[in-house]
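Engineer: The following comprises the amino acid sequence and a computationally predicted model.
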Amino acid sequence: MASCPNCGRETARTSDWSCQWCGYPLLSGSFKKIDKTYQELKEERMRPSPESEGETKLKSAPELESEPEEEEVPEPEPEPEPEEEAAEPELKPEPEKEVISDPEPVIKEKELLELKLEPVPAMEPAIEPAAETVDAAITLTVSGLVSEYESDVQAAEAKFSNRVLRLTGIIERVEVKQNLSVNYLVLTADDKVIFQGVRCNFGMQYSSEIGRLNVGQTVTVQGRYDGSIINMSLRDCTLIN
């Protein structure tokens, strides 16, 4: 069996043209094919085996430690009550002296008329903060997305990472499994030159809508880009047409 040029392990080529162990792209046709994607193989390796689950169930519960016996505490002897001291005579408070306040000055009517009232400055209207702008969707095709990565990987990562994309392509695969909460499409390019497709993940509320689509049909999907050159994918997708 041929070895991977990246990890050096004997490997086979997955359905998305990647190494089954490290996900490195394998473009040569000399590798044996596996009818699974690199992401599916990775998820299978991460699942716990039934043997390990059985071992955890066979482990016995820890023995309960016996509670220590409570020691009898001797009751405290009552302390002798202190002798009452002779009460001191209460001192009567001295009467408070009345404070005579100065009379308030009386303002004459003429003085009131002569007073000039200063105008109250007008209140400036409060400036409301500008509303946050929503990221505009980047419209492109599957071929255009792959071309961006082929020309400059780092620039493509900075341009598309966590951005909303409106992606158009041909349906290569439809996966709807209610019991496994799996609901996604795999889009490919028109010319079939690229070595992998773009996985578009939908919520389970769109399962009936996705299940009516056919392989080979051209559709446009909008979602947030959450992938890389090895595993291109969109999350929180909606079907545009």
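Structural biologist: Right, received. Where do you want to start?

Engineer: Now tell me which helix or strand of this protein has the poorest mean pLDDT.
Structural biologist: The element with the least model confidence among the helices and strands of the chain, by mean pLDDT, DSSP states H and E, is helix 50-58, at a mean of 56.

Engineer: show me where pLDDT drops low in this protein?
Structural biologist: The chain contains residues with pLDDT under 70 at 49-135, 191-195.

Engineer: contacting residues for residue 42?
Structural biologist: Contact analysis of residue 42 by Cβ atoms under 8 Å, 6 or more residues apart in numbering lists residue 23. No exception for glycine: its C-beta is placed from N, CA and C like everyone else's.

Engineer: sec struct for it, please.
Structural biologist: Per DSSP: H, G, I helix; E, B strand; the rest coil, the secondary structure class of residue 42 is helix.

Engineer: Please report how far it lies from residue 12.
Structural biologist: The spacing between residue 42 and residue 12, counted by Cβ to Cβ, to the nearest Å, is 14 Å.

Engineer: can I see the domain layout of the protein?
Structural biologist: As given by automatic domain parsing, the domain ranges for the chain are 1-47, 138-239.

Engineer: Straight-line length of the shortest one, end to end?
Structural biologist: End-to-end distance for domain 1-47, by Cα to Cα, to the nearest Å: 26 Å.

Engineer: repeat for stretch 168-185
Structural biologist: This stretch, stretch 168-185, spans 12 Å end to end (Cα to Cα).

Engineer: Same check on stretch 171-184?
Structural biologist: By Cα to Cα, the extent of stretch 171-184 from end to end equals 11 Å.

Engineer: Please apply the same query to stretch 187-207.
Structural biologist: One end of stretch 187-207 to the other measures 17 Å (Cα to Cα).

Engineer: ok, residue 211 - contacts?
Structural biologist: Under the criterion of Cβ under 8 Å, 6+ apart, the neighbours of residue 211 are 174, 176.

Engineer: Numbering from 834 from now on, please.
Structural biologist: Okay, using 834 as the starting number, the last item reads as residue 1044.

Engineer: Roughly how far does it sit from residue 1062?
Structural biologist: 30 Å.
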